[in-house]
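Visitor: Pasted the sequence and its predicted model underneath.
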Amino acid sequence: MSALSHAPTTDSQARPAPMTAGTPGRLARLRRTNPLGALGGALWLVIVLVPVYWVLVTSLRTREGFFDANPLALPTSPTLANYRLVWDNGFTHYLLNSALVTVGATLLTLAVSFLAAYAIVRGTSRALRWAFSVFLLGLAIPLQATIIPVYYLIAKAQMYDTLLAIVLPSAAFAIPLTVIILVSFLRDIPDELYESMRADGAGHWRMLLNLALPLSRPALITVTIYDALNVWNGFLFPLILTQSPDKRVLPLFVWSFQGEFTINIPAILAAVVLSTLPILALYVLGRRQLIGGLTAGFGK
């Protein structure tokens, strides 16, 4: 009995099988995975990409091939005739109008909103607090509810049927949200930086240009992209406040092009693709700054 009790044990009986160095990390990653979430993300990606694919493929078809072929099949003989048709119908003129309106409205929005946000953050007057409340109230006013007063003001100011008639209202309705984003970002700049510049004799304009402006670059890029997207896709103001064909912007051009070439679906989709490319390129270039700027001011 004693011999059995003192019999040596093997390593396999005394210790469990050793774990490799990467096993805990793999187990932790497996626990963090979400198969249902991944499946939902893949499904959503398919839902988003299939219409985009259909638009691109259809824009390369002929009008006759659109009715004969499988909608999701690649065209047997792709053609750029639809894009040439769009280009020959004055696309460059409407592209220039949209660019002027978008750049003008965005720059005006940034200038007014940044000055207002700085005054709200650094000012001590009670009137500035009320001003911030007014900007918050501006988010609750729908654009459609003000179209008649806006039309009346533009007509009285003798700006009807001009590009400036689109720029000013577009900037006015973009200012409230832009101010709120910039205020949230500027509040995160430490007061010590302002005080150190004030000790060196800097005034508000110097602190605005040399401190607040460089540190607010992510937020400024965010609101630039967001406001440019909204102005570029704007339809109601150009429709109500202009009437001449030479004052049309791209959304109105696509709308009129659709009415003229109703049965030529590939040509209409080619116009959609061309009108989307410039602002899509801007979004792709600044998408990281857009997301980072939207969340940077709300972390505290």
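Guide: Looks like it came in fine.
Visitor: So which other helices or strands are in contact with whichever strand or helix holds residue 118?
Guide: Element membership of residue 118 [criterion: DSSP states H and E] is helix 91-122. For helix 91-122, the packing partners by 3 or more CB pairs under 8 Å, 6 or more residues apart in numbering; DSSP states H and E come out as helix 126-138, helix 164-186, helix 204-207, helix 217-232, helix 250-260, helix 265-296. All C-beta spots, glycine's among them, are computed from the backbone N, C-alpha and C.
Visitor: Do me a favour and average the pLDDT over stretch 220-228.
Guide: The average of the pLDDT scores along stretch 220-228 is 89.
Visitor: That one: which residues count as buried?
Guide: The neighbour-count check on stretch 220-228 (16 or more other CB atoms under 10 Å) flags 220, 221, 222, 223, 224, 225, 226, 227, 228 as buried.
Visitor: for residue 211, what are its contacts?
Guide: Residue 211 makes contact with 189, 193, 194, 197, according to CB atoms under 8 Å, 6 or more residues apart in numbering.
Visitor: Take the residues you listed and write them to JSON lines, including pLDDT, secondary structure and neighbour count.
Guide: Formatted as JSON lines, the contacts of residue 211 follow (pLDDT from 0 to 100; DSSP: H, G, I helix; E, B strand; the rest coil; neighbours: other CB atoms under 10 Å):
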{"residue": "189", "pLDDT": "85", "secondary structure": "coil", "neighbour count": "16"}
{"residue": "193", "pLDDT": "86", "secondary structure": "helix", "neighbour count": "13"}
{"residue": "194", "pLDDT": "84", "secondary structure": "helix", "neighbour count": "17"}
{"residue": "197", "pLDDT": "85", "secondary structure": "helix", "neighbour count": "15"}
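Visitor: Of the helices and strands packed on helix 91-122, which is nearest residue 73?
Guide: Closest to residue 73 of the helices and strands packed on helix 91-122 is helix 265-296 (CB to CB; 14.0 Å).
Visitor: Sort out which one of the buried residues of stretch 220-228 lies nearest residue 62 for me.
Guide: Among those, and counting by CB to CB, the member closest to residue 62 is residue 228, at 34.5 Å.
Visitor: That closest one and residue 102 touch, don't they?
Guide: Yes: here residue 228 reaches residue 102: they are 5.3 Å apart, a contact under CB atoms under 8 Å.
Visitor: List the residues that are in contact with both of the two.
Guide: Shared contacts of residue 228 and residue 102, counting by CB under 8 Å, 6+ apart, come down to residue 279.
Visitor: Would you mind measuring from the spatially most central residue of the chain to residue 91?
Guide: In the chain, the residue lying closest to the centroid (CA atoms, centre = their mean) is residue 226, at 4.1 Å. For residue 226, the distance to residue 91 equals 25 Å [CB to CB, to the nearest Å].
Visitor: again with residue 38
Guide: Separation of residue 38 from residue 91 (CB to CB): 41 Å.
Visitor: Mind telling me what element residue 44 is part of?
Guide: helix 35-59.
Visitor: next structured bit after that helix?
Guide: Going down the chain from helix 35-59, the next helix or strand is helix 63-68, by DSSP H and E.
Visitor: Which secondary structure elements does that next one sit against?
Guide: Going by 3+ CB pairs under 8 Å, 6+ apart, helix 63-68 lies up against helix 265-296.
Visitor: mean confidence for the helix it packs on?
Guide: For helix 265-296, mean pLDDT is 77.
Visitor: re earlier: dump the helices and strands packed on helix 91-122 to TSV, plus distance to residue 146.
Guide: Formatted as TSV, these follow (distance: least, CB to CB, whole Å):
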stretch	distance to residue 146
helix 126-138	11
helix 164-186	8
helix 204-207	33
helix 217-232	16
helix 250-260	19
helix 265-296	25
